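A.B. asks: quick one, structure for this:
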Amino acid sequence: MGGNRLWWGGGSYSIGENPAPHVAHAGLAYLGEHKQPGPIADFGTWEGRHLETLLSLGVEVVGTDVPEANEVLEGARRRFPSVRFCSARLNDLPLRSGELGGALCWRVLHNLTARRELVSALAEINRVLTEGAPLVLAVRYERQTGEWSRRRAFVRTRPNGDGGSREDVYFTRGSLQLLASLF
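C.D. replies: Reported below is the predicted structural model:
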């Protein structure tokens, strides 16, 4: 995999205020049913579209995003004063081992195109989750057949919506099975 590039590229990028339907319904139900003691984290908070949904669980919520997103996170901080925010990369979270009772990582991991960064982020997420804590995870998916279906992940270059391009990691069935086995 290649090196990581900033995906917002200086352009205006908004994913809106509405939670993803899967998070608001099946994801929330899964987190609610399986959560362990401790806060629930939203890894990759950005504008905070999933925070209200997570707060509905009645537990402390922690929102994280990379330092480059601090300006955007300020809006989420103002809208959700009860949420604890951390400016940090996924591979260096300022959380105690086993602190989290669950987590949401919705469409974030595909931004980590450096293999070492992706592996260390997964290890860090595993470190901060308490044993048995649920993780609701969504990644970019690419269907492959034959030998290609066993590949761990593919880096694809696509338009970034701002006249440039960006790299994203696309996961296959085999790579998703590997992710699941790690947790």
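
A.B. asks: closest to the centroid, which residue in this structure?
C.D. replies: Cys105 (2.7 Å; CA atoms, centre = their mean).

A.B. asks: report the beta-bridge partners for that residue.
C.D. replies: Here Cys105 shows beta-bridge partners Leu137, assigned using DSSP bridges.

A.B. asks: could you report the neighbour count for Gly75?
C.D. replies: Gly75 has 12 neighbours, counted by other CB atoms under 10 Å. Where you see a C-beta, it was placed from the backbone N, CA and C, and this is true even at glycine.

A.B. asks: can I assume it is in contact with Thr45?
C.D. replies: No - judged on CB atoms under 8 Å, Gly75 makes no contact with Thr45 at a distance of 10.5 Å.

A.B. asks: would you mark the buried spots in the top helix by length along the chain?
C.D. replies: As assigned by DSSP state H, the longest helix anywhere in the chain is helix 115-128. Residues of helix 115-128 classed as buried by neighbour count (16 or more other CB atoms under 10 Å): Glu117, Leu118, Ser120, Ala121, Leu122, Glu124, Ile125, Val128.

A.B. asks: contacts only, for the third one.
C.D. replies: Taking CB atoms under 8 Å, 6 or more residues apart in numbering as the definition of contact, the neighbours of Ser120 are Asn91.

A.B. asks: quick check: pLDDT value at it.
C.D. replies: Predicted confidence (pLDDT) for Ser120: 91.

A.B. asks: give the contact list for the residue lying closest to Pro37 once chain neighbours are set aside.
C.D. replies: Nearest residue to Pro37, sequence neighbours excluded (CB to CB, 6 or more residues apart in numbering): Gly101, at 5.3 Å. Taking CB under 8 Å, 6+ apart, we find Gly101 in contact with Lys35, Gln36, Pro37, Gly38, Pro39, Ile40, Val59, Thr130, Ala133.

A.B. asks: quick check, pLDDT for the fifth one.
C.D. replies: As summarised for this prediction, Pro39 has a pLDDT of 98.
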